[in-house]
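Q: fold the following for me, if possible:
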Amino acid sequence: MSVASEAVTDALRELHTRFAGLGDGQLADHIPQLALADPDAFGLALFSMEGHSYSTGDAGATFTMQSVSKPFVYALALAVLGLDEVGRWVNAEPSGEAFNAISLEPVTGRPDNAMVNAGAIVTTALIPDTPGAPRFGRILDCLSRFAGRQLDVDEQVYASEAVTGDRNRALAYLIRSAGPLPVDPVAAVETYFRQCAVRVTTLDLAAMAATLAHGGVNPLTGDAVVPEPVAAQVLAVMATCGMYDASGDWLLRVGLPAKSGVSGGLIASGPARFGLATYSPLLDPTGTSVRGRAALGALSERLGLHLMHNPALAGSTVTLITTADDLPSARTGPRALARHERVAVVAAQGALDFTAAERVLYALDESRPQETGSVVLDLRQVTDIDSVARAMLRRGLGRLVEGGVRTAVADPAGRLAPLPCAGEQDEAALRPFASREEAMTWCASGLAG
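A: Alright, predicted model coming up:
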């Protein structure tokens, strides 16, 4: 496992260990098939904007999307019809009510937003339905593109929802009586049930959340699933409405656009930074995973992920990935050149937070010429390192050293000091080098010519 993977995965593992024993909450029983879920199941996953994935626990276990499907179908409707047209049928105001509440505007009959069931049924009904492109086929294709792989339907859960979904049928008929339902209520609800029964894993949901965070482009496949303005619009509605009557408290405390589902899935997106997902089927009274809420709240606090914090600018962190022989300061001569070819150099700049540190650690992994080579991390242009990034970098550098990689840091300001040490050979790495050249020379001197 790479040092970047270890640093991020360790954080997820610690949270999994911390909250796995949390036994509060109840399994969803209004859909009988969901009541059969394993109450101990618990998975966590994170996708970066570069497509790096990190996970722990039951991140590969399958479950159905339920209400987590809503923002993605809303994105499809916005991409096909545009915000103004979708807004004619579904509002974008927080309801302050439960997911299955009757939330309709008194005059227009519009549902309050697309995250509550009433609004989601209308949004599903807005997706065009043609012989060559059936409505649900469009929806499943869109969800699959968000996940980066072909998804399918859990037919048992679909049948269970179809048998017990009278409240959603009642909502559809009520909306139709008020005017804003463009298709037959029965057809709208049946498609909605099937949409909710699409099967995913925690890793799938993290990739989907990352796609929204990445301006609608799947960081795994490079597929532009929806236009960037649509992704921004969906994230805005998730931030204000995604957690139903707990949306305000969630945004205040966790600070990330999010969406929960009664199967136990929960997603959160950090715009231009990451996608997060959890799965654990024990739910609180709002229909949100108890363990998932606790884990994402703790992760946001620990890693400084709150949306209102000022993150490092995407793409501005790593400024150089090369080997020492490509730099003007490399020594000449065959033996010196051979040694410098085995010294990787990574330079960073700006303020480093969790997201920036992950980029730096991944760059260190990518840059190493071979397992026994050396690496230099150049921090001379770094203006600040927060406590989370400092701990991640120190842990990552320490693991490189423990793995036998000769490691040096050009850090004249001493922002990482004291650095970790694994043995006597690494004593020089404990003090920051004043220049990149000194750090490169020290690394090259320890390699055989």
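Q: quickly list what Gly43 is bridged to.
A: In this structure, Gly43 bridges to Gly57, Tyr279 when assessed by DSSP bridges.
Q: can you name the residues that contact it?
A: 55-61, 201-202, 277-280 (CB atoms under 8 Å, 6 or more residues apart in numbering). (Glycine included, C-beta is placed from N, CA and C.)
Q: same thing but at 10 Å, please
A: 12, 16, 55-61, 63, 201-203, 205-206, 264-265, 277-280, 291-292, 295 (CB atoms under 10 Å, 6 or more residues apart in numbering).
Q: check the secondary structure at the most centrally placed residue in the chain for me.
A: In the chain, the residue lying closest to the centroid (CA atoms, centre = their mean) is Gly275, at 1.1 Å. Under DSSP: H, G, I helix; E, B strand; the rest coil, the three-state class of Gly275 is strand.
Q: any idea how many residues pack against Met243?
A: 27 (other CB atoms under 10 Å).
Q: and for Val237?
A: Residues near Val237, counting by other CB under 10 Å, number 26.
Q: weed out the non-buried ones from the contacts of Gly43.
A: Among those, the ones that count as buried by 16 or more other CB atoms under 10 Å are 12, 16, 55-59, 61, 63, 201-203, 205-206, 264-265, 277-280, 291-292, 295.
Q: sorry, back to before: per-residue pLDDT, the residue nearest to the centre of the chain?
A: If you check Gly275, the pLDDT there is 97.
Q: what pLDDT does Pro257 get?
A: Confidence score, pLDDT, at Pro257: 97.
Q: how about the helices in the stretch 201-350 of the chain?
A: 202-213, 228-241, 247-253, 290-303, 334-341 (DSSP state H, counting those that start in this stretch).
Q: please save the CA atoms from the first one in CSV.
A: Same thing as helix 202-213. What follows is helix 202-213 as a C-alpha-only set of coordinates in CSV (Å, rounded to 0.1, in the frame of the first residue of the first chain):
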residue,chain,number,x,y,z
THR,A,202,-20.1,2.3,-0.7
LEU,A,203,-17.2,2.7,-3.2
ASP,A,204,-19.8,3.3,-5.9
LEU,A,205,-21.5,6.0,-3.9
ALA,A,206,-18.1,7.7,-3.1
ALA,A,207,-17.4,7.8,-6.8
MET,A,208,-20.8,9.3,-7.5
ALA,A,209,-20.3,11.9,-4.8
ALA,A,210,-16.9,12.6,-6.2
THR,A,211,-18.3,13.1,-9.7
LEU,A,212,-20.6,15.9,-8.4
ALA,A,213,-17.7,17.4,-6.5
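Q: quick one on the thing from earlier: the residue nearest to the centre of the chain and Leu212 touch, don't they?
A: Yes. Using CB atoms under 10 Å, Gly275 makes contact with Leu212 at a distance of 7.1 Å.
Q: which residues does Ala348 bridge with?
A: Val318.
Q: count the residues that sit near it.
A: 25.
Q: could you do Val186 as well?
A: 11.
Q: ok, it to Gly165 distance?
A: For Val186, the distance to Gly165 (CB to CB, to the nearest Å) stands at 11 Å.
Q: pull up the overlap in contacts between those two.
A: With CB under 10 Å, 6+ apart, Val186 and Gly165 have common neighbours Ala172.
Q: stretch 375-388: how far from the chain's middle?
A: Once both centres are worked out by CA atoms, centre = their mean, to the nearest Å, stretch 375-388 turns out to sit 24 Å from its chain's centre.
Q: flag the helix or strand of the protein with the lowest per-element mean pLDDT.
A: helix 427-430 (a mean of 47; mean pLDDT, DSSP states H and E).
Q: check which residues of the helix or strand just after it are buried.
A: Going down the chain from helix 427-430, the next helix or strand is helix 436-445, by DSSP states H and E. For helix 436-445, the buried set under the neighbour-count rule, 16+ other CB under 10 Å, comprises 436-444.
Q: what packs against helix 436-445?
A: Applying 3 or more CB pairs under 10 Å, 6 or more residues apart in numbering; DSSP states H and E, one finds that helix 436-445 contacts helix 334-341, strand 343-352, strand 374-385, strand 406-410, helix 427-430.
Q: quick one: the strands in this structure?
A: With DSSP state E as the definition, the chain shows strands at residue ranges 43-48, 53-57, 63-64, 152-153, 198-200, 258-260, 265-270, 274-279, 318-323, 343-352, 374-385, 406-410.
Q: neighbouring contacts of the third one?
A: Where contact means CB under 10 Å, 6+ apart, the residues beyond strand 63-64 that reach it are 31, 33-34, 37-38, 41, 43, 153-154, 156-158, 160-161, 195-202, 204-205, 261-265, 279-281.
Q: go again using 7 Å as the cut-off
A: Strand 63-64 is contacted from outside by 37, 154, 157, 196-200, 263-265, 279, using CB atoms under 7 Å, 6 or more residues apart in numbering.
Q: Met49 is in contact with Val217, isn't it?
A: No. Applying CB atoms under 7 Å as the test, Met49 and Val217 come out as separate, 9.1 Å apart.
Q: pLDDT weak spots in the stretch 51-200 of the chain?
A: 98, 100, 103, 180 (pLDDT under 70).
Q: show me the helices in it, by range?
A: Under DSSP H, counting those that start in this stretch, the stretch 51-200 of the chain gives helices at 70-81, 83-89, 117-126, 135-147, 155-164, 166-178, 185-196.
Q: confirm for me that Phe99 is in contact with Ala114.
A: No. Using CB under 7 Å, Phe99 makes no contact with Ala114, being 11.9 Å away.
Q: tell me the contacts of the closest residue to Tyr173 other than its chain neighbours?
A: Computed as CB to CB, 6 or more residues apart in numbering, the closest residue to Tyr173 that is not its neighbour in sequence is Pro185, at 5.0 Å. Neighbour list for Pro185: 169, 172-173, 176 [criterion: CB under 7 Å, 6+ apart].
Q: so what's the residue count around Gly222?
A: Neighbours of Gly222 using other CB under 10 Å come to 10.
Q: also Ala434?
A: With other CB under 10 Å as criterion, Ala434 counts 12.
Q: phi first, then psi, for it.
A: As for Ala434, its main-chain torsions (degrees, to the nearest 10) stand at phi -70, psi -20.
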